[in-house]
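K.L.:
sequence and computational prediction follow.
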Amino acid sequence: MHPDYLLDVAYTSHFYETLNPWLINYVCAINGYPARDLAEGFDYCELGCGNGLSLNILAAANSKGRFRGVDFNPAHVKNARLTMTEGGLSNVTFLEENFAHLSHLDLPDFDFITLHGVFSWISPEMRNAIASFIGRKLKPGGMAMVSYNTPQGWAIIAPMRDFLRSFIDDRPGDLLEKAKQGLDDLRFLRDSGAAFFKINPLASTMLDSYLQLDLRYIVHEFLTPHWEPLNFSEVLGTMGRAGVEFAGSIPVALNYGQISIPPELHDYFQKIPSRLAFQMRKDLVNMTLFRSDVYCKAKRDPKIAYLDRLRGMIFGTALRAKDFKFKFDLPTGSSINMEGPLFERLAARIGASAITLDVLLTDPELVQDTPEGIVSAVEWLVATDQLKPYARPSPNADDAREKPFRLSEFNRALLLRELPRRKSVPLASWTAGSGIAVGRKDGLALLAISEAGPQGAEAWAGLWTVRNPGGVDDGGSALPLSEIIQKAASDPDYCAALGLDGPPDETT
Ligand SMILES: C[S@@+](CC[C@H](N)C(=O)[O-])C[C@H]1O[C@@H](n2cnc3c(N)ncnc32)[C@H](O)[C@@H]1O
């Protein structure tokens, strides 16, 4: 095994929303950092990009962005380049390099440097190498996103990692077999009454979830040479040496004490003076397992008015207006009640198409609401993951109706390759500037309409189903495929708003 990280088994491929530059920018903005104008392009670097699915999707969704991915696993870089080539992308480059050599690479300065699922799985020296890279290569005002395991959640389940790791040395077989043997042994011991599981029901629940997971994930989560849950304070110190400030966290809800902290502790938390103490206490109270934190190379200015922080931003969603929810009960014991005409009007307006905040503020349907009220309602809808900061407004609905629906080259290639393998496929949306997950049946419907037009779509999809045994029945929607195709074909506005074709100014 390579001393820095395992290379023997290629990792799984998923899209991670925490890497979305528009979301990272939004998290900075709601926390008092100056939002950046990303419309004219930006430089983005992902360290430890794995098979590169997320980075390719972001590149496809942001044609004016320039993307670099770094990973030292040759199999990962090969897979990443294959997705790039199949999808016809020219704005992303994958570098097969060790983080130890970051300082020798000829790279531009970046607006974003991100790393997902890397920081807890590498050595302290490597974390320092990354911090000095961020310190040197992040532009003023640039943003970094770093995710990592945290000890508050891992303390009582970490012995399972030590147990699995002990299988590496004293058993024959490859890492996948060893991971399987280790999990089987853990299950046997749990079912035979091991005290560790008896007094620790969370460990038992976690073990059940690990038994369902892809073994490649288990290998990369638990069998790496380095594995260290990190306190927020430690990462804050490392990132502080890179000259960046903690801005906030993803998911967005974590930035609001009202919903991320149990109600009985609101008063206690309100009196905590420092952001460090606040986060450390929050992780203890919530037994946090994993954090995705956003850092910014700028000074926080809490005085910027909310309205000004979000001005110029665009908000959209893949939800239809009828699918919005206005009441939530949260795991912290808090609840959110967003019932009322303003929220319904916003769902009706943005559920149909992504829109800039400035246009929204002058919408005739919303004239009776104050700008502050509208912005606060938008924030709540983002915090409940129903609206997202978007890259571009939806295309004009009349144009969408005139134009036959055609998936972008990237999305077409990804669907053709991934539909037989996945229940849900992440696609690149140029309106979202990010990925959007599409259930297998919906994906097949969109692909069929794109390939054969609304009239020929059903026959095309039928043929696909015959050629791909296993079918599409477990792919999301309960509706029959024919109905999904009819629904999509009769709602070109919705299909266009998803932004899965090519941006109107860049396609013919
Ligand atoms: C757990 S995986 C996460 C991959 C990807 N970010 C994701 O979430 O799917 C960690 C990744 O970091 C890469 N990595 C670890 N140490 C590295 C190093 N020293 N130099 C370059 N890449 C490294 C691994 O090859 C692997 O792809």
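P.N.:
Everything's here; your move. Residues are numbered from 1 along each chain as shown.
K.L.:
pull the longest strand from the protein.
P.N.:
Secondary structure of the chain per DSSP state E: the longest strand is strand 138-149.
K.L.:
which elements pack onto the helix or strand following that one?
P.N.:
Scanning forward in sequence from strand 138-149 by DSSP states H and E, the next helix or strand is helix 151-154. Contact here means 3 or more CB pairs under 8 Å, 6 or more residues apart in numbering; DSSP states H and E; on that basis helix 151-154 packs against helix 275-286. (C-beta placed from N, C-alpha, C; glycine too.)
K.L.:
identify the residues contacting the helix it packs on?
P.N.:
By CB atoms under 8 Å, 6 or more residues apart in numbering, the residues outside helix 275-286 that reach it are 150, 152-153, 231-233, 236, 246, 257, 260-262, 265, 269, 272, 288, 291, 332.
K.L.:
mind doing that once more with 6 Å?
P.N.:
The contact list for helix 275-286 (CB atoms under 6 Å, 6 or more residues apart in numbering) reads 150, 152, 232-233, 272.
K.L.:
pLDDT-wise, which helix or strand of this structure ranks last?
P.N.:
Every helix and strand of the chain was ranked by mean pLDDT, DSSP states H and E. The lowest is helix 397-402, at a mean of 75.
K.L.:
please name every helix or strand in contact with the helix or strand that that one is followed by.
P.N.:
Heading C-terminal from helix 397-402, the first helix or strand you meet, by DSSP H and E, is helix 409-418. Counting by 3 or more CB pairs under 6 Å, 6 or more residues apart in numbering; DSSP states H and E, the packing neighbours recorded for helix 409-418 are strand 424-429.
K.L.:
that older thread, dump the longest strand of the chain to CSV, keeping only the CA atoms.
P.N.:
This file holds the C-alpha atoms of strand 138-149, laid out as CSV (Å, rounded to 0.1, in the frame of the first residue of the first chain):
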residue,chain,number,x,y,z
LEU,A,138,-6.3,31.2,-3.5
LYS,A,139,-7.1,34.6,-4.9
PRO,A,140,-8.1,37.4,-2.5
GLY,A,141,-11.8,36.9,-1.9
GLY,A,142,-11.4,33.3,-3.0
MET,A,143,-13.2,30.4,-1.2
ALA,A,144,-12.2,27.0,0.0
MET,A,145,-14.4,24.1,1.0
VAL,A,146,-12.9,21.3,3.1
SER,A,147,-14.9,18.3,4.5
TYR,A,148,-13.7,15.9,7.2
ASN,A,149,-14.8,13.5,9.9
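K.L.:
before we move on, the earlier item: what residues of the least confident helix or strand of the chain count as buried?
P.N.:
Within helix 397-402, the residues that qualify as buried are residue 400, counting by 16 or more other CB atoms under 10 Å.
K.L.:
could you give the separation of that helix from the chain centroid?
P.N.:
The gap between where helix 397-402 is centred and where its chain is centred comes out at 30 Å by CA atoms, centre = their mean, to the nearest Å.
K.L.:
could I have that helix exported to PDB, CA atoms only?
P.N.:
Once non-C-alpha atoms are left out, helix 397-402 reads as follows in PDB (Å, rounded to 0.1, in the frame of the first residue of the first chain):
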ATOM      1  CA  ALA A 397     -40.600  29.900 -21.800                       C
ATOM      2  CA  ASP A 398     -41.700  30.800 -25.400                       C
ATOM      3  CA  ASP A 399     -38.300  29.900 -26.700                       C
ATOM      4  CA  ALA A 400     -38.300  26.700 -24.800                       C
ATOM      5  CA  ARG A 401     -41.600  25.700 -26.400                       C
ATOM      6  CA  GLU A 402     -40.300  26.400 -29.900                       C
END
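K.L.:
what does that helix rub up against?
P.N.:
Under CB under 6 Å, 6+ apart, the answer for helix 397-402 is 492-493, 496.
K.L.:
I'd like to know which of the contacts of helix 275-286 are buried.
P.N.:
Neighbour-count burial (16+ other CB under 10 Å) applied to the contacts of helix 275-286 gives 150, 152, 232.
K.L.:
check what pLDDT the first one gets.
P.N.:
According to the per-residue confidence, residue 150 scores 98 in pLDDT.
K.L.:
look up how far the ligand lies from it.
P.N.:
If you measure residue 150 against the ligand using CB to the nearest ligand atom, to the nearest Å, the figure is 16 Å.
K.L.:
per-residue pLDDT, residue 505?
P.N.:
65.
K.L.:
select the longest helix from the protein.
P.N.:
With residue count as the measure and DSSP state H as the assignment, the chain has helix 440-467 as its longest helix.
K.L.:
quick check: what element follows it along the chain?
P.N.:
Moving on from helix 440-467 towards the C-terminus, the next helix or strand you reach (DSSP H and E) is helix 481-489.
K.L.:
so for that next one, mean pLDDT?
P.N.:
Taken as a whole, helix 481-489 has a mean pLDDT of 89.
K.L.:
what about it, distance to the chain center?
P.N.:
The gap between where helix 481-489 is centred and where its chain is centred comes out at 28 Å by CA atoms, centre = their mean.
K.L.:
ok, stretch 404-411 next?
P.N.:
A distance of 23 Å separates the centroid of the chain from that of stretch 404-411, by CA atoms, centre = their mean.
K.L.:
distance check, the residue nearest to residue 20 when sequence neighbours are not counted against residue 140.
P.N.:
Counting by CB to CB, 6 or more residues apart in numbering, the nearest residue to residue 20 once its immediate chain neighbours are dropped is residue 434, at 4.1 Å. Counting by CB to CB, to the nearest Å, the separation of residue 434 from residue 140 is 24 Å.
K.L.:
can you pull the contacts of residue 68?
P.N.:
When the contact criterion is CB under 6 Å, 6+ apart, the partners of residue 68 are 45, 93.
K.L.:
assumed it was part of a strand.
P.N.:
Yes. If the criterion is DSSP: H, G, I helix; E, B strand; the rest coil, then residue 68 is within a strand.
K.L.:
so it versus residue 110, what's the distance?
P.N.:
The spacing between residue 68 and residue 110, counted by CB to CB, is 8 Å.
K.L.:
what's the overlap in contacts for these two?
P.N.:
Common neighbours of residue 68 and residue 110 (CB under 6 Å, 6+ apart) are residue 45.
K.L.:
state the number of residues packed around residue 326.
P.N.:
When neighbours are defined as other CB atoms under 10 Å, residue 326 has 16 of them.
K.L.:
contact partners for it?
P.N.:
Going by CB under 6 Å, 6+ apart, residue 326 touches 338-339, 343.
K.L.:
returning to that earlier point: which one of residue 434 and residue 140 has more residues nearby?
P.N.:
Between residue 434 and residue 140, residue 434 has the larger neighbour count (other CB under 10 Å), namely 26 against 8.
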